[in-house]
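Student: let me see the structure of the following:
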Amino acid sequence: MTKKRTRAAVLLTAGTLAVGLAACTTPADDAADALGAVDQGDGTAAARYSTPLADVCPSTVSVQWNWWPQADHGWTYQLIGDAGVVDAEKYTYRGPLGSTGIDLEIRAGGPATGGQLPLAQMYSDDSITFGITTTEDSIGGSEEFPTVSVFTYAVKTPLVFFWGNEDWDFQNLTEVKQSGETVLAWEGAPYLDVLTSLDLLNPEQIDASYRGDPARFVLEEGSVLQQGLLTSEVYKYEHDIPAWGKPVEFVSIGDEYDAYTSQVSIRADQLEPLRPCLEKLVPLFQQAAVDYAHDPAPTNAVLLDVVDQLTGSGWELTPGIVEWASTIAVEEGIVANGTDGVFGSFDIDRVQEYIEIVAPLLSQRGQKVAPGLTADDFVTNEFLDPEITL
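Tutor: Sure thing, here's the model as predicted:
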């Protein structure tokens, strides 16, 4: 089981992790040994990410995220460091992508784009190079908005069910099901259909009235299992929600739910035109993500500054939450090497098995799943550098 840890224990583990990572090397390390630990200050992105891209990539590569800037997005900000500029009206952060000769534009999503899915946005805005998608998005949009995912930052979802009842000690989703306790979740979330179809939850115990408000959790003194993110709510309920203000326990959904939630995708019709770019750019994505995991603090400072400049967004980050999120994601295996040992890779068999489970469910919801869809249609590891590992 994935259990709640105290923040002190997490940070102690993070220190141990940093020592271990410092002893590891990747292909980019050989050219950057003189830098020592990754320090995302002035000039470091330029020194760290230097593969020439101007002849093979668009002059500006854009990445459309699916939410406001947060630690999950840190690897993209790592590529710019503090050399970028915020456009508070467009909710973007733009700057030189290292010293590659091109620019990177990072676009906020979710409420910033009226809730549009990045895969749909890519088909309405040709200036978007990459969109962040989930496996459900890719399957459900495969006929209308076909995409190909070339890199994944996380190998499992940070989704959890958390609670505050000290008498509960759930070890896995099967125990949650057997308890019959109420599970408070977002209405229409596809993962709920998957969990019930796998007999990991009873439909009768799901209350789909959750809207992100902590009121019910507090009112019932934590005696409800509530949907949340390990990288967000598990920290916030202890530190940022005074009405609760104490630790919660959790069980990981990602341990038993095989969707990828941070797929870096392109339009399927752009695979061949972008191939020369992808061959050189995707390894930089891998390297930046590994570097961010190694030393997230400098880029977390950039994230905090960017969010501070997005006045009017209503979105907030704190030093505590970005530190927690970037640390716990690695500790709990949300951010990790793929099953082949390569950072950023997809397990093709896992994706194929997931298609067989979720495609019928999404079709029942009216989503347009391409007939005969296979994993090879929308995920690929061909552009990854197999030597880049965490």
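Student: rest of the way, CA atoms for contacts and neighbours
Tutor: OK.
Student: now for the lengthiest helix in the chain, which elements pack on it?
Tutor: Using DSSP state H, we find that the single longest helix of the chain is helix 271-294. Helices and strands touching helix 271-294, by 3 or more C-alpha pairs under 8 Å, 6 or more residues apart in numbering; DSSP states H and E, are helix 7-22, helix 74-78, strand 147-152, helix 319-331.
Student: could you give me the buried positions within that helix?
Tutor: Of all the residues in helix 271-294, those buried under the rule 16 or more other C-alpha atoms under 10 Å are 271, 274, 277-278, 280-294.
Student: by how many degrees do that helix and helix 319-331 diverge?
Tutor: 110 degrees (axes from the mean of the first three to the mean of the last three C-alpha atoms, to 10 degrees).
Student: now helix 271-294 against strand 147-152, angle please.
Tutor: Going by the same axes, to 10 degrees, helix 271-294 makes 30 degrees with strand 147-152.
Student: how far is helix 271-294 from where the chain is centred?
Tutor: Computed by C-alpha atoms, centre = their mean, to the nearest Å, the chain-centroid distance of helix 271-294 equals 16 Å.
Student: helix, strand, or coil at the closest residue to residue 252 other than its chain neighbours?
Tutor: Using C-alpha to C-alpha, 6 or more residues apart in numbering and skipping the chain neighbours, the partner closest in space to residue 252 is residue 160 (4.6 Å). In the three-state summary, residue 160 is assigned as strand, counting by DSSP: H, G, I helix; E, B strand; the rest coil.
Student: what stretches of the chain score poorly on pLDDT?
Tutor: Judged by pLDDT under 70, the chain has its weakly predicted residues at 1-42.
Student: tell me the contacts of the residue located most distally from the centre of it?
Tutor: Distance from the C-alpha centroid of the chain, by C-alpha atoms, centre = their mean, peaks at residue 167 (31.9 Å). By C-alpha atoms under 8 Å, 6 or more residues apart in numbering, the contact list for residue 167 is empty.
Student: which residues of this structure fall in strands?
Tutor: 60-64, 85-87, 92-96, 103-107, 130-133, 147-152, 159-163, 183-184, 206-207, 225-229, 249-252, 263-267 (DSSP state E).
Student: now these in CSV, with mean neighbour count and distance to residue 298?
Tutor: CSV is the format used below for the strands of the chain (neighbours: other C-alpha atoms under 10 Å; distance: least, C-alpha to C-alpha, whole Å):
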stretch, mean neighbour count, distance to residue 298
strand 60-64, 21, 21
strand 85-87, 16, 16
strand 92-96, 21, 16
strand 103-107, 23, 17
strand 130-133, 25, 23
strand 147-152, 26, 22
strand 159-163, 24, 26
strand 183-184, 24, 36
strand 206-207, 18, 40
strand 225-229, 22, 23
strand 249-252, 24, 29
strand 263-267, 26, 23
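Student: which of those sits closest to residue 340?
Tutor: Among these, strand 147-152 comes nearest to residue 340, with 13.4 Å by C-alpha to C-alpha.
Student: and the closest residue to residue 362 other than its chain neighbours, how far from residue 380?
Tutor: Of all residues not flanking residue 362 in the chain, residue 140 sits nearest, at 6.0 Å (C-alpha to C-alpha, 6+ apart). Separation of residue 140 from residue 380 (C-alpha to C-alpha, to the nearest Å): 18 Å.
Student: between the two, tell me which one has more neighbours.
Tutor: Shown here are residue 140 and residue 380; by other C-alpha atoms under 10 Å, residue 140 has more neighbours (25 against 18).
Student: ok now stretch 55-62, how far from the chain's centre?
Tutor: That offset, for stretch 55-62, works out to 23 Å (C-alpha atoms, centre = their mean).
Student: what does it rub up against?
Tutor: Here stretch 55-62 has contacts from 101-107, 127-130, 274, 276-277, using C-alpha under 8 Å, 6+ apart.
Student: mind putting these into CSV with distance to residue 371?
Tutor: As requested, the contacts of stretch 55-62 are exported to CSV (distance: C-alpha to C-alpha, whole Å):
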residue, distance to residue 371
101, 41
102, 38
103, 38
104, 35
105, 34
106, 33
107, 32
127, 29
128, 27
129, 26
130, 24
274, 26
276, 30
277, 30
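Student: now the two most distant members of those.
Tutor: Using C-alpha to C-alpha, the contacts of stretch 55-62 span at most 23.5 Å, a distance reached by 107 and 276.
Student: residue 168: how many residues sit nearby?
Tutor: Residues near residue 168, counting by other C-alpha under 10 Å: 12.
Student: could I get the contacting residues of residue 157?
Tutor: 253-254, 257-261, 334.
Student: from residue 260, how far out is it?
Tutor: Where residue 260 is concerned, residue 157 sits at a distance of 6 Å (C-alpha to C-alpha).
Student: format the contacts of residue 157 as a markdown table; extra columns: distance to residue 55 and neighbour count.
Tutor: Formatted as a markdown table, the contacts of residue 157 follow (distance: C-alpha to C-alpha, whole Å; neighbours: other C-alpha atoms under 10 Å):
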| residue | distance to residue 55 | neighbour count |
| --- | --- | --- |
| 253 | 43 | 24 |
| 254 | 40 | 19 |
| 257 | 41 | 18 |
| 258 | 38 | 19 |
| 259 | 35 | 20 |
| 260 | 32 | 23 |
| 261 | 31 | 21 |
| 334 | 35 | 21 |
